[in-house]
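Chemist: pasted the sequence and its predicted model underneath.
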Amino acid sequence: MNSLQFPLDLTFKITTLSNDFVAKDANGQTVAYVRQKMLKLVEEVQVFSDESRSELNYTIKANQWLDFSASYAFTDRNGKDLGRVARKGWASLWKANYDIFDELQMRDLHVREENPWSKVFDTLLCEVPGLNLLTGYFFHPSYSVARPDGTKVARLRKVASFFGRRFVIEKLEEFERGEEERLLLGLMMMILLERQRG
């Protein structure tokens, strides 16, 4: 997943029991099929090259069992460590905060929710019978991805869609070596975690 054509469109499947989605580039080409393994004590996500699931490219796995501050390690198909993403514990209760680390465990990128009120209203509207089917058309949380020096390199945002199942990743700056791969794997895991929260 390097040198992709942005923006990327992420669409969750609503016809499967598992929490999975397809990532497509600006040309409509599938670049990844992300599947969260069901009924696992330690959370695990598999990233395939396409919906056939014939070629596993990456695995994202929690470092511990059901912990609010767990981190999720990225490995490629050969088991090589590529980095990890970690939720910033209590700092994420109100506004989502995640750090993405490189393979040397150095903090590489920071993901921050831009307007937490969007998620609050989106969650509240989900509780209203009848309206919960249309929540995807009203409130759209967005998340900025920045380097430690504050330079914003990408933005993830929820877009209007039935059941709130579509997200878009926009590129804001040219990526440095290894950044694109870590950023995408980190955002893929973060989307799964944030959708579970509401």
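Modeler: It's in. Numbering: from 1, shown residues only.
Chemist: number of residues surrounding the closest residue in space to T30 that isn't next to it in sequence?
Modeler: In this structure, T30 finds its nearest non-sequential neighbour in D50, 4.8 Å apart by Cβ to Cβ, 6 or more residues apart in numbering. Where you see a C-beta, it was placed from the backbone N, CA and C, and this is true even at glycine. When counting by other Cβ atoms under 10 Å, one arrives at 15 neighbours for D50.
Chemist: can you dump the C-alpha atoms of the helix or strand harbouring S144 in CSV for me?
Modeler: Element membership of S144 [criterion: DSSP states H and E] is strand 142-146. Presented in CSV, the C-alpha positions along strand 142-146 are these (Å, rounded to 0.1, in the frame of the first residue of the first chain):
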residue,chain,number,x,y,z
SER,A,142,-13.3,13.9,11.0
TYR,A,143,-9.7,13.1,12.2
SER,A,144,-6.5,14.9,11.3
VAL,A,145,-3.2,13.0,11.0
ALA,A,146,-0.1,15.1,11.8
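Chemist: distance between that strand and the chain's centre?
Modeler: Chain-centre distance of strand 142-146: 11 Å, with Cα atoms, centre = their mean, to the nearest Å.
Chemist: I'd like the mean pLDDT over that strand, please.
Modeler: The average of the pLDDT scores along strand 142-146 is 94.
Chemist: the following helix or strand past that strand packs against which elements?
Modeler: Beyond strand 142-146 on the C-terminal side, the first helix or strand identified by DSSP H and E is strand 152-159. Strand 152-159 sits against strand 142-146, strand 166-171, helix 179-197, with contacts defined as 3 or more Cβ pairs under 8 Å, 6 or more residues apart in numbering; DSSP states H and E.
Chemist: double-check that R53 belongs to a strand.
Modeler: No: counting by DSSP: H, G, I helix; E, B strand; the rest coil, R53 falls outside a strand, being coil.
Chemist: which element is the nearest residue to it once chain neighbours are set aside on?
Modeler: Distances taken as Cβ to Cβ, 6+ apart place Y33 nearest to R53, at 6.4 Å, with adjacent residues excluded. For Y33, the element it lies in under DSSP H and E is strand 30-36.
Chemist: so what strands line up beside the helix or strand following that strand?
Modeler: The helix or strand immediately downstream of strand 30-36 is strand 44-48, counting by DSSP H and E. Here strand 44-48 is paired, per DSSP bridges, with strand 30-36 (antiparallel), strand 56-62 (antiparallel).
Chemist: how about these in CSV, adding mean neighbour count, distance to R112 and mean pLDDT?
Modeler: Below are the strands paired with strand 44-48 laid out as CSV (neighbours: other Cβ atoms under 10 Å; distance: least, Cβ to Cβ, whole Å; pLDDT from 0 to 100):
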stretch, mean neighbour count, distance to R112, mean pLDDT
strand 30-36, 20, 22, 95
strand 56-62, 19, 20, 95
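Chemist: export those to CSV and append columns for distance to Q5.
Modeler: As requested, the strands paired with strand 44-48 are exported to CSV (distance: least, Cβ to Cβ, whole Å):
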stretch, distance to Q5
strand 30-36, 9
strand 56-62, 18
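Chemist: so which of these comes closest to N115?
Modeler: N115 lies closest, by Cβ to Cβ, to one member of these: strand 30-36, at 25.1 Å.
Chemist: noted, bye for now.
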